[in-house]
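Visitor: next comes the sequence, and after it the predicted model I'd like to discuss.
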Amino acid sequence: MKNYAYLILEDGLYICGRSRTKPTQTFGELVFNTSMTGYQEALTDPSYKGQILMLTYPLIGNYGTNNNWQESEKVHVEGFVVSSLTTHPSNSECSADLAAFLDSHNTPLVEDIDTRYLTTHIREKGVMDCTIKITEQPLTQQEIAELVEKTKEQRSPSERDLISEVAIKRDITIATGNKHVVLIDCGYKKSIVDELKKRGCGITIVRPDATIDDVLTYKPDGVLVSNGPGDPARAKTVISLVKDCVDHHIPLFGICLGHQIINLAMGSKTYKMKFGHRGANQPVLDLQTKTIAITSQNHGFAVECTNEMEVTHINLNDKTVEGTRHPELPIFTTQYHPEAHPGPWDSRTLFDGFVEMM
Amino acid sequence: MGKRTDIKKILLIGSGPIVIGQAAEFDYSGSQACRTLKSEGYEVVLINSNPATIQTDPSFADRVYIEPTTPEIVEKIIEKEKPDALLATMGGQTGLNVAVALHERGVLEKHGVKIIGTPIEAITQGEDRELFASLMKKIGEPIPKSAIATTLYDAQQAAETIGYPVVIRPAYTLGGTGGGIANNPIELQQIVEQGLLQSPEHQVLIEKCLTGWYEFEYEVMRDNADNCITICSMENVDPMGIHTGESVVVAPAQTLSDAQHQQLRSAALKIIRALGVVGGCNIQFAVNPKTWEYAVIEVNPRVSRSSALASKATGYPIAKIATKLSIGWRLDEIKNDITQTSAAFEPALDYVVVKIPRWPFDKFRYLDKRLGTQMKSTGEVMAIGRTFEEALQKAIRSLEVKREGITDAKKESSSTLKKIKERLKIATHKRLFYIYAAFRNGLDVDEIAELTGINRFFLQKIKHIYDVEQQLMYKPTPSMVKDALKLGFSREQLKSLGVSEEMMQWQHHAKERKVYKMVDTCAGEFTAHTPYFYSTTGISNDASCQKQKKKIAVIGGGPIRIGQGIEFDYCCVHGVLAAREMGFETVMINNNPETVSTDYDVSDRLFFEPLTGEDVIDVLKNEGVDGVIVQFGGQTSINLAKTVENAGFKVLGTPTKSIDLVEDRDKCARLLSNLGIRQAEFGIAHCLVEAQEVANKIGYPVLVRPSYVLGGRAMQIVHNDEELRDYIHEATKVAGEHPILIDKFLENAVELDVDAVCDGEDVLIAGIMEHIEEAGVHSGDSACVLPTQHISEEHIRVIKEWTKKIALEIGVVGLLNVQFAIHDSQVYVLEINPRASRTVPFVSKSTGIPLAKIGTMVMLGKKLKDLNIRQARLDYVSVKVPVFPFSKLGGVDPVLGPEMKSTGEVMAMGKTFAEAFYKALIAAGMRLPTKGNVFISVKKSDRKQSVVIAKKFKELGFNIYATPGTGAYLREHGLDVEIVNKVSAGTPNILDLMKKNKIDLIINTPTTGLRPTTDGYLIRRKAVELNIPYITVLTTANVCVDALKQVKRSDLDVVCLSDLEHS
C-alpha cells in the first residue's frame, strides 16, 4: 500500500483514503450497509449493480472469503469502501483473504476512510453519485474540482437499465421437482434458488425480457420475481410479464425488486427513498399476527400501496411497506430478503408459504 | 397488548454486596428496573443489603429495605408490604436464588405474589443442569457430554464415562465458585469436594472439557408474544477453559462468517423460546476452531454481567427493556430512546468494543494467579475504538495498572523465552503482555496461537501493533504516527518510543484529527438523541456542540477493585444528578461498563474513556468545561487533580494545593501540631537503615507503608527490626522509589471514621462511625456502627472540634473524611482524605443526609447555611459489615490487617446495636450458630480477653474446644474446655474435627508474620473451604456473642428506609 484513493461526491464533498488497488477511476451511487457480517454475500449480490458499497462496520475481511458465500459468480459493486481491511483473516472455512478476492475480481477498494462521517453525510443529504479515483500521486485542487463537475454531470446509475446488465441472457432449467417455479431473473441471489431447492422445487430461471408464452412453456406452478438492481419503474418488460402472469392466475411471489415490480404491475407506485434500507437488522411487523421479524434488506426504492394489494408487513422504524398480498389471488411479496445471506434466518418460512400456495 | 393493570406493587430483590462474580452490574440493572417501573406508574419495593448502590437511594424505589437478601427476611418484607408481583431477574444470581427459594417454600403462592418476567420454570430449566440438558436434547441443540453428581463417587463414575479432562461446575454458584478443570481422578476429587460444598444444592455438573474451543456469547431478548431479538454477539479472546468473566471479550463477534453468526443467532433464539424467557437472556457457545462444530455451554435466564457489557457496548438498555417486557409490553410497543425508532431491532455497531477484567493480584501477592473456570477478577473495564487494536490499547490504559498500552511490556519482554512460552500456555492476568513479549522475542503468530489457543485473528492484530512500533522506533514519519494513533497508541506511549511532539501534530494531515464518535445503536443510520461518545481518529466529530449552559465534568472511578468499589460510582452519580438539578450541563468520564454512572441517561454527556491525564484532558478540551469534580472517583480522580489544573481547568471544591498538603506528611504534621491536634508519632525513611532508626526512635510496633497508597496496599504492622527488614524488601517492589512512612502503631485502639462537608466557612459533620475491629485493621475491612456505641461525649466533642479545625484550616470545599483513633483515652488523628470516602453512601443511608449531593452543591458554590439540611437521623443503629473474597481466592489467608481485602459491604439497621449487627452478619453471609461447638485458639496477648468471650458462649450453651495453649489458659480460669490437637501435632486434630462437621464457629486470632504457613492459617483456610463461620478479631467475637445473647433470629425486624425518610 498504498495509492491515494479519493471519494468525490456529487455535492462537492471529497475525502481521501488509501488503496491497494491499481490506479483506476470508477463511478456509482454511494450507499451504506450496516450489516456487521456478510461482506462477500453483499459484494456478489447483483442488486448492488451501479452502486459503490460502503460498510459501516469498521473491520472488514476478518473471516476471509469462501466460494460458498457467493450470491452470484461476480462481484457487482462498482467500488468497495471500508474503514479498515483485515489482511490476515481467521476462520476454519476461509479459503482466500478479502484483498486477494477483490483483486481477482478487479473491484476498486478504498480503505482508511471515516465511514461514519460519510454515512451520516448520506443520511442527511441522501444517497448520491460518487467517483472513486485511485492514483499514485495526490490530486490537485483543480483535478478534484474537475472530478466533482464530472460526477455531477454523469448519468446516475439508477437511470440505466441495470437489470439487463446482470440478468441471464438465456433461460435455463436448473432443477426438477414436485412443484415447478419459474424464477424471473432481475439479478437473483443464489440463496433464493437454494431455498427453493431445499423444498424440492423444480426451477427454471428466465430472462427479464421473457414473454408469458416463454413462461408458460415451463408449466410453472408458481412464478418468483427476483431481487435486482435499479429503479423498478424502469423494468417495463418485467412489469408487463408479471401482469400477464396475474391474468393467468399463476401464484406469484416477489422479493425486493420483485416485490416492487409486482406492486407496480398491480397499479401501485414506487418512489426513491432518501438513503434506503441496507442492513441485517431491519424490524418488520406482520400486521396480522403482530409478530416481528428481524430482516435483511437492501433497497433504495419503496412501494406506496395504492392498489388492491393489501399491506401485510411494515417496517417498524419508518412504517414503509415491507410486504403485500392480494386479497383473492395467490400473490404475495416482501420487500426484505427471506433468503438471508447476509442476515437473519427469521423469515425463511416465507418460502414454505410460497410452496404451499402453489 | 400494553402493560399489565392487574398489578400495582412490584418487589425487586437486589444482588447484595459486591463479591467476585457479582459486581456493580446489578446496581446498574436494578436501578434501571426501579426507574422504569416507577415511570410506568407501579409502586416499587426494593430489598438490597448493599448501601453503596444507587438503587437503594430513596428516590429510586418507593419502598427501600436495606436488609439481608435471605428468604426469611424477604418473606417478612412480603408480609409487610404485600406486593402483587416479584421481578426476579434483575438481582443477579443472588436475587434469582432467593426468588426460587421463596417459590419452592410456597411463600409467593401463600401471599399471592406473581412472578413477572421470566417464569420460575424457565429459570430452573436454565439453572438446573439436568433439566437444561434434557431441554437442549429435545430441541436438538448440542451440549457437551455431561452428568450430574451429588457425591464424589458419582462424579468419579461420570468422569470415567465422559473421559478426562472434565469441567466441574457447581450448581447455583456465582462466577464459577468451587469449579475447575480436572485432568485426572486426583484433581477431580479435590475439586468435586469443594464444589459440592459450595453449591447450595450440593450438586455439581461433570462436563466434557472443551478446552481450546472458541467461546461466543449472545445476548437475546424475548417478549411475551414470542418476539425475539439479539442485542449483541460477543467473542472471548481467551478460549474455553477460562471463565468468560476472566476473559478478554470483544463485541461484536469478529471471526464468524455471516452463515456461522446466523447459525448461532438462530440457535440462541430457539433456546430462549424453548425456555420461555420474558426479558433478557445470555447464551454461551463453544465452537471447535477446526471443524465448526458448536455446543451450547451455558444460559443465564436473567440480566447478567454480560448483558451489562452488551448494554454499554451497543447503547441498547437491556435491563430497562427487559423490565418493560416483564410488565407486559411487546418489543414493538417500546421505543428506542436513542433513535426514537422501535426497540424491536438489533443494534448495529460501527466500532469495536474490548472488555478486560481487573484482577486483585496486586493486593494478594501470594495468590495463585492462573486463570481458570473460577472467577478471580473483581471488576472490568471497557473501551471502544474503530479498530480492535485501538480498543485493546485503550482498555489496557483504563485498567490503571500503570501500562500505557500493550507495548508497555518491558518486564515480560526481558523474560527468558522459556518463561514467555510457559506464560503463554498458562494464562495469568499478564498474558496479553506476554503475547507482546513473545513477538518481541521472535515468536510468530502460529507459535503463539499454538501455545495460547487464541484465535490468530487477535494475535495478528497484536502483531500489527508490534510491527507499527518497530517502524516507529526505526524512523517515524507523520503518516506512520497517524497509523499508530489509529491503533490506539497514546501520545504518552509514542513519546516513550521517541516520537517527537511535532511529529504528532494533526496539521500534517488534511482533515483527520482526534475526534469523538457517538454510540448510537444504529451505525449512523438514524439521528441519535443520546450523547454517548468514545474517542478515535477521523474526520467528523460527533461531540462538537454549542454550549448552552455552564458545564462541569465528573471524573469517574474506573474499574471496581479492592480499595475502590461501587461507593465511588455512587458518589459520581450523585455528583452528576445534583449538578444537573442545579442547572449545570454535566459530562461524565468513566470506563466501567458495570456502573450506573456509565448509563447514557445519567449525565448529559457520557464519554467512555480511559482515565489517564491525556485522555481526560482531551475530553475536557473538547467539551470546554467550566469546572471539574475530582473528589468522587476515589484515588483515580483525585490523582488527576493536578493534571487537570495544569491543563488550565478549574478543579471544583477543595483546591489542589490542599490535596497536596494532606499528601505531604511533614507539612501536614506541622499543620496539625500548630492546631494542637494529636497524631501518632511518625517518620519517613528512604532506606532500611533509616527505617530502623525511625522505628527504634518511635518504638515498636510500627505501621509501615509506602507514601503513595490505594486501599492500604503494602501496608503492614511490624514488631521488630527483622520484620521491618522483610517488609522493606517487599515494599520496594510495590512502591518503587517512593519513601516509606513509619507510624507509631496504636495497640488496642478504637478507630473512628468521620465524614463531613465543608464550604470554607461552615462544617457539617454528617456521621461518626465507630469501628468494631481495633485500629490496625484497614478501615475498609472493619465493621462499623453509627451512631457510636462506646465513645464518651468528651471524645466525640474533641473529634468534632478537630474535624472542623482540619476542614477549615486546609481549606476543604466539599467532602472530607478523617480517621481517628482513641488510645489510652487520648484522641489521635490517623488519616485525612479531602475527598469522598467509601463510607459516604453508608453515612447517607444511616443518617438521611445526602452527603454526596450536599458536597456537590457546596463545590458548585452553595453555602451550607442556605441548604436547609435536615438533622442526622439517629433513631436506628446502623451497622456496616465488609464481605471478603476468600472463598474465591484459594490460598489467601483470611485474616484482617492494614491491607484492605474486602470487595464490598452490607448494611443493616436495628433498634439496638446487637440487632443491627446480627442482621448485618446475616447479610454478609455469615451463618452465626445459635448452639453447638465453638473452637477457640488465640495468640498469647489475646488470651485474657478470650476468657470473657468463652464464658459468654458457655452461658449460651455452647461447648468450647481449644488448642492446648489457649485451652490450658481457659481451664485455669475455670472454663470447661475440650482440648484439641494443633494441626502440627498430628491426627486427630482440629482439622479432622472441622471435616467431621463438629465445629460450628471458629475464633482464631493470628500470630504475626507475613507468610501463610502457620497452624492458624491452615485452620482459617479450612474454615473458608468448609464454609464454617470464623472470626479473627476478638472485639468482633465479643460483639457476635453479645448479639447472639440479645437477639433471636426469628425476632429480627425489618426497617423501611423510605418510612424514615418521610418521618
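Guide: Received, thanks. Numbering: from 1, shown residues only, chains lettered A, B, ... in the order given.
Visitor: count the neighbours of residue B:294 for me.
Guide: 20 (other C-beta atoms under 10 Å in any protein chain shown). For glycine as for every other residue, the C-beta is placed from the backbone atoms N, C-alpha and C.
Visitor: now for chain B, the helix or strand with the poorest mean pLDDT.
Guide: helix B:721-735 (a mean of 76; mean pLDDT, DSSP states H and E).
Visitor: pLDDT on the helix or strand just after it, on average?
Guide: Heading C-terminal from helix B:721-735, the first helix or strand you meet, by DSSP states H and E, is strand B:740-744. For strand B:740-744, mean pLDDT rounds to 88.
Visitor: what residue ranges in chain B score low on pLDDT?
Guide: B:1, B:175, B:707-714, B:731-737, B:1008-1013, B:1062-1063 (pLDDT under 70).
Visitor: select the longest strand from it.
Guide: strand B:763-774 (DSSP state E).
Visitor: return the set of buried residues in stretch B:978-986.
Guide: B:980, B:981, B:982, B:983 (16 or more other C-beta atoms under 10 Å in any protein chain shown).
Visitor: that older thread, for the longest strand of chain B, packing partners?
Guide: Packed against strand B:763-774 by the contact rule (3 or more C-beta pairs under 8 Å, 6 or more residues apart in numbering or on different chains; DSSP states H and E) you find strand B:750-758, strand B:784-786, helix B:793-810, helix B:840-847, helix B:1034-1046.
Visitor: out of the ones you listed, which comes closest to residue B:717?
Guide: strand B:750-758 (13.4 Å; C-beta to C-beta).
Visitor: returning to that earlier point: now, of the helices and strands packed on strand B:763-774, which is deepest in the fold?
Guide: helix B:840-847 (a mean of 27; mean count of other C-beta atoms under 10 Å in any protein chain shown).
Visitor: returning to that earlier point: could you dump the helices and strands packed on strand B:763-774 to TSV with distance to residue A:339?
Guide: Below are the helices and strands packed on strand B:763-774 laid out as TSV (distance: least, C-beta to C-beta, whole Å):
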stretch	distance to residue A:339
strand B:750-758	64
strand B:784-786	65
helix B:793-810	71
helix B:840-847	55
helix B:1034-1046	68
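Visitor: identify the residues contacting the residue most central in space within chain A.
Guide: Taking C-alpha atoms, centre = their mean, the centroid of chain A lies closest to residue A:47, which sits 2.9 Å from it. Going by C-beta atoms under 8 Å, 6 or more residues apart in numbering or on different chains, residue A:47 touches A:76, A:187, A:189, A:227, A:228, A:229, A:256, A:257, A:298, A:299.
Visitor: now tabulate the residues you listed in CSV and tack on neighbour count.
Guide: Formatted as CSV, the contacts of residue A:47 follow (neighbours: other C-beta atoms under 10 Å in any protein chain shown):
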residue, neighbour count
A:76, 25
A:187, 27
A:189, 26
A:227, 26
A:228, 30
A:229, 27
A:256, 31
A:257, 30
A:298, 29
A:299, 24
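Visitor: among those residues, which ones are in strands?
Guide: Those of the contacts of residue A:47 lying in strands (DSSP E): A:298, A:299.
Visitor: dump the contacts of residue A:47 into CSV; add distance to residue B:619 and pLDDT as well.
Guide: Formatted as CSV, these follow (distance: C-beta to C-beta, whole Å; pLDDT from 0 to 100):
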residue, distance to residue B:619, pLDDT
A:76, 43, 97
A:187, 48, 97
A:189, 45, 98
A:227, 45, 97
A:228, 48, 97
A:229, 44, 97
A:256, 44, 97
A:257, 47, 97
A:298, 38, 97
A:299, 40, 97
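Visitor: any chance of JSON lines for the contacts of residue A:47, columns distance to chain B?
Guide: Output for those, formatted as JSON lines (distance: C-beta to the nearest C-beta, whole Å):
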{"residue": "A:76", "distance to chain B": "17"}
{"residue": "A:187", "distance to chain B": "20"}
{"residue": "A:189", "distance to chain B": "13"}
{"residue": "A:227", "distance to chain B": "17"}
{"residue": "A:228", "distance to chain B": "21"}
{"residue": "A:229", "distance to chain B": "21"}
{"residue": "A:256", "distance to chain B": "18"}
{"residue": "A:257", "distance to chain B": "21"}
{"residue": "A:298", "distance to chain B": "13"}
{"residue": "A:299", "distance to chain B": "14"}
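Visitor: between the contacts of residue A:47, which is nearest residue B:1044?
Guide: Using C-beta to C-beta, the contacts of residue A:47 come closest to residue B:1044 at residue A:298, 70.9 Å.
Visitor: got the contact list for the closest one?
Guide: Contacts of residue A:298 (C-beta under 8 Å, 6+ apart): A:33, A:42, A:45, A:47, A:48, A:227, A:256, A:276, A:277, A:278, A:337.
Visitor: next step: those restricted to strands.
Guide: A:33, A:276, A:277, A:278.
Visitor: between those residues, which has the most around it?
Guide: residue A:33 (29 neighbours).
Visitor: give me the distance between the residue nearest to that residue when sequence neighbours are not counted and residue A:61.
Guide: Nearest non-adjacent residue to residue A:33, counting by C-beta to C-beta, 6 or more residues apart in numbering or on different chains: residue A:278, 4.0 Å away. Distance from residue A:278 to residue A:61, counting by C-beta to C-beta, to the nearest Å: 19 Å.
Visitor: about what we covered before: inside strands: which ones of the buried residues of stretch B:978-986?
Guide: Using DSSP E, none of the buried residues of stretch B:978-986 sit in strands.
Visitor: turn those into CSV, including distance to residue B:222.
Guide: Shown next, in CSV, are these (distance: C-beta to C-beta, whole Å):
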residue, distance to residue B:222
B:980, 56
B:981, 59
B:982, 58
B:983, 54
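Visitor: how about the residues you listed in JSON lines, adding distance to chain A?
Guide: Shown next, in JSON lines, are the buried residues of stretch B:978-986 (distance: C-beta to the nearest C-beta, whole Å):
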{"residue": "B:980", "distance to chain A": "59"}
{"residue": "B:981", "distance to chain A": "59"}
{"residue": "B:982", "distance to chain A": "57"}
{"residue": "B:983", "distance to chain A": "52"}
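Visitor: could you list the low-pLDDT ranges of the stretch 51-200 of chain A?
Guide: For the stretch 51-200 of chain A, no range has pLDDT under 70.
Visitor: all the strands of the stretch 51-200 of chain A, residue numbers only.
Guide: A:51-55, A:59-60, A:79-81, A:84-85, A:109-110, A:128-135, A:172-175, A:180-184 (DSSP state E, counting those that start in this stretch).
Visitor: so for residue B:121, which of the ones you listed sits nearest?
Guide: So among these, strand A:59-60 is nearest, using C-beta to C-beta, at 40.8 Å.
Visitor: paired strands for the closest one, with orientation please.
Guide: With DSSP bridges as the test, strand A:59-60 is paired with strand A:84-85 (parallel).
Visitor: can you give the contact residues for the strand it pairs with?
Guide: Residues contacting strand A:84-85 (C-beta under 8 Å, 6+ apart): A:58, A:59, A:60, A:61, A:98, A:99, A:109, A:111, A:112, B:386, B:387, B:486.
Visitor: OK, contacts around residue B:620?
Guide: Residue B:620 touches B:553, B:628, B:644, B:647, B:649, counting by C-beta under 8 Å, 6+ apart.
Visitor: next, count neighbours for the closest residue to chain A within the stretch 751-900 of chain B.
Guide: Here the stretch 751-900 of chain B gets closest to chain A at one residue, residue B:888, 33.4 Å apart by C-beta to the nearest C-beta. Applying other C-beta under 10 Å, we find 25 residues neighbouring residue B:888.
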